[in-house]
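Q: Got a sequence here, can you model it:
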Amino acid sequence: MKLKIIYLLFISLFCLIHPSVSAPTLNYADALEKSILFLEGQRSGKLPANQRLTWRGHSGLSDGSTDHVDLVGGYYDAGDNVKFGLPMAFTTTMLAWSVIEFRNQMAGQINYGRDAVRWGTDYLLKAATAAPDTLYVADPNQDHHCWERPEDMDTPRSVSKVTSQNPGSDVAAETAAALAAASIVFRRADPAYSAKLLQTVVKVFDFANRYKGKYCDSLSSVVCPFYCSYSGYDVHCKHIVTINRTALPSR
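A: Numbering: from 1, shown residues only. Purely as a prediction, here's the structure:
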């Protein structure tokens, strides 16, 4: 034990005398860039000209066609090719809040950050407005039958949805929170888009509030065990906080 203590003391003193052996300086700017690049790697749909990860290609260009709606775009969930509504909306909400709170510290990544938010909200707008009183989510069961590159997908791209008869107030409220937070992000950068997001927020949250119920009850065979929801009331609270924040002036 004494030898261990002496050894630790020696190492500590050596590090104090020779600071060059201390932990390397952390490059948070590089970490931020890599985080946003990861999201670019998860993009679904027709990729833009400024796509930095050029090994990715267009994919999922017929998403939604089985229900005669346009659901192209958004983000794949993980290593699979599923586009889950709840975690995508949550990710977009958190990303939007990051841009709102830390835009002055984003080390040249602010435009990429906004692009990442918009890639999520463009899809969420489609999912929320493609049909009246309907919010589209994913069907992972077909996708998990075959693991492949999204550019090579040949499995059915079936979709699921929450409606007034099969409610999902949790996923609807999270979607509303994402759109509300994003409306703050684009308040100055793109006022017209910000207004469009805010108009949709009202409709989506009305749907969430009017037709209460967990989407994992309505779509248990689809969303569980992947992304079940506890109650949805926590998401309601998050949306209320976010929508109230939209009433405050930009800082």
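Q: ok, residue 115 to residue 49 distance?
A: Distance of residue 115 to residue 49, given as Cβ to Cβ, to the nearest Å: 12 Å. The way it works is simple: take the backbone N, C-alpha and C, and place the C-beta from them, glycine included.
Q: These two: who's more crowded?
A: residue 115 (17 against 4; other Cβ atoms under 10 Å).
Q: these two touch, right, residue 177 and residue 91?
A: No. Between residue 177 and residue 91 there is no contact under Cβ atoms under 8 Å: 11.5 Å.
Q: Look at those two and report which has more neighbours.
A: Ranked by neighbour count (other Cβ under 10 Å), residue 177 and residue 91 place residue 177 first, with 30 against 20.
Q: For that one, what is the enclosing helix or strand?
A: Residue 177 is part of helix 169-185, with elements assigned from DSSP states H and E.
Q: Tell me which other helices or strands that helix touches.
A: In this structure, helix 169-185 makes packing contacts with helix 85-102, helix 110-129, strand 134-138, helix 191-210, helix 215-218, helix 233-245, judged by 3 or more Cβ pairs under 8 Å, 6 or more residues apart in numbering; DSSP states H and E.
Q: Show me how far the second one is from its chain's centre.
A: Right, helix 110-129. Relative to its chain's centre, helix 110-129 lies at 9 Å (Cα atoms, centre = their mean, to the nearest Å).
Q: pLDDT below threshold where in this protein?
A: Applying pLDDT under 70 to the chain picks out residues 1-24, 132-139, 230-251.
Q: Which residue would you name as the spatial centre of it?
A: With distances taken as Cα atoms, centre = their mean, residue 91 lies nearest the centre of the chain, 2.8 Å away.
Q: contacting residues for that one?
A: Residue 91 makes contact with 39, 75, 120, according to Cβ atoms under 8 Å, 6 or more residues apart in numbering.
Q: Let's see that with 10 Å instead.
A: 39, 42, 75, 77, 84, 116-117, 120, 174, 178 (Cβ atoms under 10 Å, 6 or more residues apart in numbering).
Q: List only those of those residues flagged as buried.
A: Neighbour counting with 16 or more other Cβ atoms under 10 Å marks 39, 42, 75, 77, 84, 116-117, 120, 174, 178 as buried within those.
Q: number of nearby residues for the residue nearest to residue 211 when sequence neighbours are not counted?
A: Ranked by Cβ to Cβ, 6 or more residues apart in numbering and with sequence neighbours excluded, the top spatial neighbour of residue 211 is residue 167, at 3.9 Å. Neighbour count for residue 167, taken as other Cβ under 10 Å: 23.
Q: Please tell me how far the residue nearest to the centre of the chain sits from residue 76.
A: Distance from residue 91 to residue 76, by Cβ to Cβ: 11 Å.
Q: Quick check: neighbours shared by those two?
A: 42, 84.
Q: ok, and which of the helices and strands packed on helix 169-185 has the densest surroundings?
A: Of all those, strand 134-138 carries the top mean neighbour count, a mean of 25, counting by mean count of other Cβ atoms under 10 Å.
Q: tell me which residues of the next helix or strand after it are tucked away?
A: Note on strand 134-138: by DSSP H and E, the next helix or strand toward the C-terminus is helix 140-143. Neighbour counts using 16+ other Cβ under 10 Å place 140, 143 of helix 140-143 among the buried residues.
Q: what's the next secondary structure element after helix 140-143?
A: The helix or strand immediately downstream of helix 140-143 is strand 159-163, counting by DSSP H and E.
Q: Thanks again, I'm all set now.
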